[in-house]
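1. next comes the sequence, and after it the predicted model I'd like to discuss.
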Amino acid sequence: QGQPVESGGGSVQVGGSLRLSCTAPRNSRCKYHRTWYRQAPGKEREFVSSISELGGEVYADSVKDRFAISQDDDKITTYLQMNNLKLEDTAMYYCQSEQLGIPPFCPGRTDWGQGTQVTVSS
């Protein structure tokens, strides 16, 4: 199992849209959570959104109704559709892949991607 790879970041004006992608290898016998975090300069990393193969999606209040998380049917690629972007959405966005620990085949592990930069300007 390897590191997630993010893509899709870029520069956009206020009110614009971007779609981030996170491609993460998976063991088909295991279950995963995929989570997007972001970190702005001088700030701590914060939760944005997550999707679980056990069911359910969660969003931070700051992005609810603007962002949408989804996955391909094979659950290898996770997307974050970001609409109506605001200046405060400017950050490095990171994908986290969490393999749930379910014996005997799934020991449980967490992997992080290198991040993709999103810059929103006025």
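-> Happy to help now that I have it. Numbering: from 1, shown residues only.

2. just say helix, strand or coil for residue 95.
-> Put simply, residue 95 is strand when judged by DSSP: H, G, I helix; E, B strand; the rest coil.

3. list the residues that contact it.
-> Taking Cβ atoms under 8 Å, 6 or more residues apart in numbering, we find residue 95 in contact with 4-6, 20, 22, 24, 34-37, 78, 112-113. (Each C-beta comes from the backbone N, C-alpha and C, glycine too.)

4. again, only using 6 Å
-> Taking Cβ atoms under 6 Å, 6 or more residues apart in numbering, we find residue 95 in contact with 4, 6, 22, 113.

5. I'd like the distance between it and residue 85.
-> Separation of residue 95 from residue 85 (Cβ to Cβ, to the nearest Å) stands at 18 Å.

6. relative to its centroid, which residue of the chain is most remote?
-> residue 104 (27.4 Å; Cα atoms, centre = their mean).

7. which one of the contacts of residue 95 sits closest to residue 69?
-> Residue 69 has its nearest neighbour among the contacts of residue 95 in residue 22, at 9.8 Å by Cβ to Cβ.

8. which non-adjacent residue is nearest residue 106?
-> Among residues not flanking residue 106 along the chain, residue 30 sits closest, at 3.8 Å (Cβ to Cβ, 6 or more residues apart in numbering).

9. tell me which helix or strand that neighbour sits in.
-> Taking DSSP states H and E as the definition, one finds residue 30 inside no helix or strand.

10. correct me, but it touches residue 101?
-> No: counting by Cβ atoms under 6 Å, residue 101 is not a contact partner of residue 30; they are 9.0 Å apart.

11. out of the two, which sits in the busier spot?
-> For residue 30 and residue 101, the more surrounded residue by other Cβ atoms under 10 Å is residue 30, and the numbers stand at 17 against 11.

12. all strands for this structure, in order.
-> Along the chain, counting by DSSP state E, strands occupy 5-7, 10-13, 18-23, 32-39, 46-52, 57-59, 67-71, 77-82, 91-99, 109-112, 116-121.

13. what stretches of this structure score poorly on pLDDT?
-> When residues are selected by pLDDT under 70, those of the chain lie in 1.
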